[in-house]
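Novice: Curious how this folds, go ahead:
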Amino acid sequence: MARTLTQTSQRRSAQTVPKLSSEAEMKKEAISHFRARIARQKEIEAGGHSHAEEVIEMNKWIKISIVVALPACVLLVVKDVLFEEHQHRPEGPLPDYMKIRNKEFPWECEDCALFDNDCWKKCKEDLANEAS
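Specialist: You can find the predicted model right below:
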């Protein structure tokens with residue numbers, strides 16, 4: 001009697017391992033797991049609130065979200081737009097420690113990054129001067 005009482009009151013997880021016993025006992029244990037699960041679901045449903053109370057609670061949290069979160073988001077956007085300046089890369093050549101390469105780039109101007117237009121122009125001019 002005490003064993004069945006503890007089985008129905010304890011929570012079961014999806015990874016409950018059946019005991020190694022006869023097939024009939026394993027079926028009996030599986031049925032008791034299903035009954036415990038159904039009892040827990042009924043307990044959850046019965047302990048809840050009515051539909052009207054759930055709607056009132058939902059509306060309360062919607063209002064709290066609008067009153068708290070919306071002004072906070074607006075203030076953060078205003079702060080970022082008006083008071084914060086984002087950092088740009090400094091003009092001029094990069095320091096040596098930022099230009100470490102193990103191998104050259106696989107295009108004709110091996111030292112130029114793909115979108116470094118100034119370097120590409122200089123490289124094209126140097127290549128034109130070497131060719132002439």
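
Novice: Tell me where the chain has helices.
Specialist: 2-9, 23-46, 51-82, 117-131 (DSSP state H).

Novice: right, and those - which one's nearest Lys103?
Specialist: helix 117-131 (17.3 Å; Cβ to Cβ). In this view, the C-beta of every residue, glycine as well, is placed from N, C-alpha and C.

Novice: Which positions within that closest one qualify as buried?
Specialist: Trp120, Cys123 (16 or more other Cβ atoms under 10 Å).

Novice: Could you pull up the mean pLDDT of it?
Specialist: Looking at helix 117-131 alone, the average pLDDT works out to 89.

Novice: and it, what other elements does it pack with?
Specialist: Applying 3 or more Cβ pairs under 8 Å, 6 or more residues apart in numbering; DSSP states H and E, one finds that helix 117-131 makes contact with no other helix or strand.

Novice: Quick one: residues in contact with that helix.
Specialist: Under the criterion Cβ atoms under 8 Å, 6 or more residues apart in numbering, residues Glu108, Cys109, Asp111, Cys112, Ala113 lie in contact with helix 117-131.

Novice: Look up how far Ile38 lies from Phe83.
Specialist: From Phe83 over to Ile38 the distance is 58 Å, taken as Cβ to Cβ, to the nearest Å.
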